[in-house]
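A.B. asks: Pasting the sequence and the predicted model now:
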Amino acid sequence: MNKRIFEIPEEDILGKGHMACIGCGVPLAMKFMLKGLGRKTILVVPACCNSVIDGTYPFSASGVPLVHVPIAAGAAVSSGIRAGLDMIGDIETTVVTWAGDGGTYDIGFQALSGASERDENIIYVCYDNEAYMNTGIHRSSASPFLAWTTTTPLSSLKNVPKKNIDFIMAEHKIPYIATASIAFPEDFIKKFVTAKNIRGMRFIHILIPCQAGWKTNPSKTVKIARLAVQTGIFPLYEIKSGKITLNYNEKDIPIEEYFKLQGRFRHLKKKDIINIQKDVDRNWKKIIKLTKVV
Amino acid sequence: MEISVKEEKINNQQSLLLEGTYAVAYAVKLCRVKVITVYPITPSSAIAERLAEMVGDEELDAKYIKVESEHSAMASLIGASHVGVRTFTATSSHGLAYMHETLHWASGARLPIVMSNTNRSLGSPWSILAEQTDSLSQRDTGWIQFYCESNQEIFDTLIQAYRIAEQVYIPAMVNMDAFFSTHVLENIVIPSQEMVDSYLPEFEPQIKIDLNKPSAFGGVAPGDSYFEFKYKMEEDMLKAVDVAVKADNEFEEIFGRRYGIINCYLCEDAETILVMTCTAAGTGRVVIDNMRKKGKKVGLMKIRLFRPFPSEAIINVLKNKMKIAVIDRNISRGVGGIFAQEIRAAFYNTKYHPPIFGFIAGLGGRDITPEQIEKALNYTIESDYPDREAYWLDVDV
Amino acid sequence: MSNLIEEIRNLPYTVISHTNMLWNKTGTWRHVKPYYENKIAQCTSRCPCGNDIAEFILSASRGEFQKGYEIIKMKSPFPGVCGRVCYHPCETYCNRGEFDEPIAIQMIERFLADYMSDKERIIPEIIERKNKRVAVIGTGPAGFSCAYHLALKGYSVVLFEAYEKPGGMLRYGIPSYRLPKDVLDREIKDILDIGIELKTNTRLGNDFSLDNLEEYDAVYLAIGANKSRSLGLSEESADGVFSGLEFLERVNSGERVELGKKVMVVGGGNTALDTARCAIRCGSEVTVVYRRSRNEMPAWQEDVDDALEEGIKFVFLTSPTEILFEGGIFKGIRCLKMELGEPDESGRRRPIPIKDSDFTISGNNIIVSIGEEPEISFLNESFEIKDKKVITDFSGFSGVRKVFAGGDLVYKSSATVASAIGFGRSGAESIDFFLKNEKIKVKEEQKITKFEDLNIDYFKSAGRIILSELAVNERIKDFSEIIGCVSSEEVIYESERCFTCGLCTMCDNCLVFCPDMAVKRKDTGYEIDYDYCKGCSICFEECPRNVISLEREIKL
């Protein structure tokens, strides 16, 4: 009934007392990630919510070494740490960039693309709450179509779609790409265990509902993350050496169920939802087709 | 380009005919740098090329990250330096400007990164020739700055820079002129690896990433500590003057060469001092000789260490002089030449107030000719006080 | 100025943070506080016995059959009985029913009893023996349940039974094809083995009266309702005419009752159907005559379906007006057709005779089974009686001296085995308070978990197990049990379908999904570290079974 197929390690590396908002999904993601990667991990954190969540001097909640860096520098600093570790003979420690969507899709993209092209031996994690939340819910290229943000208010909503970072990363031909969700912890942790054992550039994209920016009930964070997967808006898949595998095969819930829990979509009209549903369906079919490509 | 001339092996040293860029590459190799990132930009690109060969041929055991921008170049070194290894990059003008935020970050994080910068004009409009405005624009970033005249000086200063930076935990940049240094061949004495090893021990920072003691680096310093950390950084920055002097003296003991944080030529009995830096100072020296022959009591002070600003040393030399002429190959628009401004500021709170004439020359790599320099000195000698912040040579004077 | 210098001297040369964030007690951010609070499942709330259904099914799902059995035995001594005869309101209200199909709770209960039938069933140890004696009159489900619970509490109990064998309606009313006698005997023996004295063939009103019970400190009256109502027609006591209860008593005593070829059964309740189905097993053709339509029949619809399958005919909207004899032999009945009018006090539509619609149904026997009532003629006037039933207060006290009452005897009982068992248990508790001279404590209402309270994201649709039954033509050959028991694999499968509403199963969801690491395992449950819990309530949302409750926390 509720037997877990994959045992979730009990030890928590991320410590209590961190500064995440009530009901924030970020510490959940960090918690699961560290359970998958273990203590021999170095985190590189460009400016993002986690820069604040971890705590101020002289405190740090993460439980592993963490290097704060400027927002555009995530992937580059990781490349440097990796080079440094290799030079001192440490080939075990995992170097992880833990970046928000802004530091990945926009200002950090150059460094990410460069590191990917060089196939740097790092894990790049984009925890995506679909806006520059830390600075005040500002739109990024990860913000969804027609989502409200403070820079796309109702009078000038975002009229361009969310960038498909996963497919862009796939075209960099890196060895491992995955999407992960905090609502599916076993799948999530398994992906990090898999990533840890692969050499080369690894990119993992996590969707994080943000109660403050998405205008949702903090208690519904996990449920909304689950709905994103079940509606096909955020499909769970892995791309290993170019081959896509869907991890969650069902798309059986209409997107309305996802939208109606979020204040940032409250203004959507019926025809908007119909059009967005069409896009989601089309994208799902495309992914299904791609899974059959050898 | 490099040409091996003589097998002049004194104490296991070599003598090579090297361009400035290649000299830098050799210095990096002898310093046993572990992580290198260089993004190519004219006219410093040959450093990237030569180092790529050295690493590829395993002459140098290092990781060379072929980054996609200068911002990422400095960011990568910030990463590597946190691990506790010796790092290097090279850039110029726009590349340096692109790294600006990371320069602040590196110095704030107390990482002894060493960088070779080629002083080149900044656009708009485009120019690839010599001018010091690029590195001077970064004078507030908390980096140690050296300005070097000859290729041998560049080579030696790079080695000294690691020693100084790793003692005070402040990054350092070594500046040289575009084309006048980078693309000019000079006979360089290359010391042996043993000599360099004895001068520059292995880099072992007190604080670095430690998996047994997980910590966060560079987290938010709240209002009750940021100020204090900055005080500490400034304390160490000011100490760096003495550290630089000492490093220079110790360099002489092993390598036989010393440059001084400032370098004075015929200054003791001079009445008027010409202040210059980098390759143009060489021309200045020739003018001093010529003018001495004409009976003028002039001398040259070449400023080598610019940050931290060696106010004490400078004032010691200049305090009793009648006039000072500063030729700036840079411009801070709205206020004049930067060296002149800093020297004037150094004097203000003292009881000495010799008139300081500021001259602007050589922007965009234009030759600073002996005639221009002599004109500037003569104007200085003949005028009582300057009537403006900066005189543009061949325009105002 | 100088103390700041000291501070600066002591700073590291770079901004490095070693210390954890445990100093930051984020519990102060909270304005909603989650806490663990087990709730009652719908099934448990509807069970008249008060069985802890979610608990025993949870044990069954883990293969812990003995533990599950013992959980049932804490509330009811008759799992094998109820597992066969109960009308299972638990299944009707099962939350799973709103998702796909309700859990086969009754079958699980029966399985547990059958499983333990050949294993050692531990007689519970009585910890504290009390030196008070209680007389329980009647060994039906209410009487046995009361005696059982009183004995477990340490009282000395004596059971009085009018008939030769104990069991009441369980033995003499319910046929073997529904409740085999060996199952009943086994469960009765387990009850008596605790140390209860049984006096059979001892009838209240005949062999003794309430006045003879002075030596007992309390009395529990559970004599049931075993007097058949009559139609009020003449010749009702003649040959060939039976009352439903009388017929059933004889059949259930093992007698081979002689019936003619065609038998009519008058009535529409469970007893009437039991009667009809026994009659057909005696070899007759059976017709059930009922004055209302099928919808108004008080009998359980499943039983009506079974009866139809077995070949019993039904004649609705028909009421007998006269019993016909020819030469002293029963010939048939004269009937009137009925139509349905406005609802009466029972809520069902009243049958209204249709003028001039007389007709005759011929047959060899008629069994009148139109209802039962208690035999209360011997009870003295001090008892409050309404509709031939004794009135008691909420605790079961009759108002008379030390006499409590329960089961079909009392007013507003629902005439089911399960409710009788429930009566017996609450009667025992009331007597316990009475004998300890304490005021009866009314149990606090516990919250009930409704379907909307669950998080069904964690459950996948799965069909209910299919119960096996004897084929129809096999069934009516004799009185063998119709429904077969399921296997242990099927029980585990079915138990795993159970949502376990309101009861923590240690699924770890709250622990896994807490963003603040504020949930830790503790013994067989969890505890929340309120120093750090921010009150996001994700645990509340993600608990599949509504074990977490929220309360507002306003700090001033």
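C.D. replies: Ah, there it is.

A.B. asks: and the gap between B:Arg110 and A:Lys220?
C.D. replies: Going from B:Arg110 to A:Lys220 by C-beta to C-beta, to the nearest Å gives 44 Å. To be clear about C-beta, it is placed using only N, CA and C from the backbone, and glycine gets the same treatment.

A.B. asks: correction: C:Pro515
C.D. replies: Distance of C:Pro515 to A:Lys220, given as C-beta to C-beta: 13 Å.

A.B. asks: likewise C:Ser61?
C.D. replies: Counting by C-beta to C-beta, the gap from C:Ser61 to A:Lys220 is 29 Å.

A.B. asks: What of A:Pro209?
C.D. replies: Between A:Pro209 and A:Lys220 the distance is 8 Å, computed by C-beta to C-beta.

A.B. asks: With C:Ile280 instead?
C.D. replies: Distance from C:Ile280 to A:Lys220, by C-beta to C-beta: 58 Å.

A.B. asks: and C:Gly504, how many residues sit next to it?
C.D. replies: Quick fix: residue C:504 reads Cys, not Gly. Under the neighbour criterion other C-beta atoms under 10 Å in any protein chain shown, C:Cys504 is assigned a count of 18.

A.B. asks: got it, and the one 10 residues further on?
C.D. replies: Burial of C:Cys514, expressed as a neighbour count using other C-beta under 10 Å, amounts to 27.

A.B. asks: can you check C:Glu489 too?
C.D. replies: 10.

A.B. asks: In which helix or strand does it reside?
C.D. replies: Following DSSP states H and E, one finds C:Glu489 within helix C:488-497.

A.B. asks: now C:Ile123
C.D. replies: Assessed by DSSP H and E, C:Ile123 sits outside every helix and strand.

A.B. asks: and what of the one 5 residues further on?
C.D. replies: Using DSSP H and E, no element contains C:Glu128; it sits outside every helix and strand.

A.B. asks: can you tell me which residues contact it?
C.D. replies: C:Gly154 (C-beta atoms under 8 Å, 6 or more residues apart in numbering or on different chains).

A.B. asks: Next, find the distance separating it from C:Val157.
C.D. replies: Counting by C-beta to C-beta - C:Glu128 and C:Val157 are separated by 15 Å.

A.B. asks: who's in contact with residue 162?
C.D. replies: Reading this off chain A. A:Glu130, A:Ser141, A:Ala142, A:Ser143, A:Pro144, A:Phe145.

A.B. asks: looking at chain C here, not the other one
C.D. replies: Here C:Ala162 is in contact with C:Gly138, C:Asn201, C:Thr202, C:Arg203, C:Leu204, C:Asn206, C:Ile223 (C-beta under 8 Å, 6+ apart).

A.B. asks: and those residues, which are buried?
C.D. replies: Of the members of the contacts of C:Ala162, the ones counted as buried by neighbours, 16 or more other C-beta atoms under 10 Å in any protein chain shown, are C:Gly138, C:Thr202, C:Arg203, C:Leu204, C:Ile223.

A.B. asks: so of these, which ones are in helices?
C.D. replies: Using DSSP state H, the subset of those located in helices is empty.

A.B. asks: Report the two of those residues separated the most.
C.D. replies: Comparing all pairs in the buried ones among the contacts of C:Ala162 by C-beta to C-beta, the longest separation belongs to C:Thr202 and C:Ile223, at 11.9 Å.

A.B. asks: Check which helices and strands the helix or strand hosting C:Asp185 sits against.
C.D. replies: Using DSSP H and E, C:Asp185 sits in helix C:181-192. Applying 3 or more C-beta pairs under 8 Å, 6 or more residues apart in numbering or on different chains; DSSP states H and E, we find helix C:181-192 packed against helix C:79-85, helix C:141-152, helix C:169-172.
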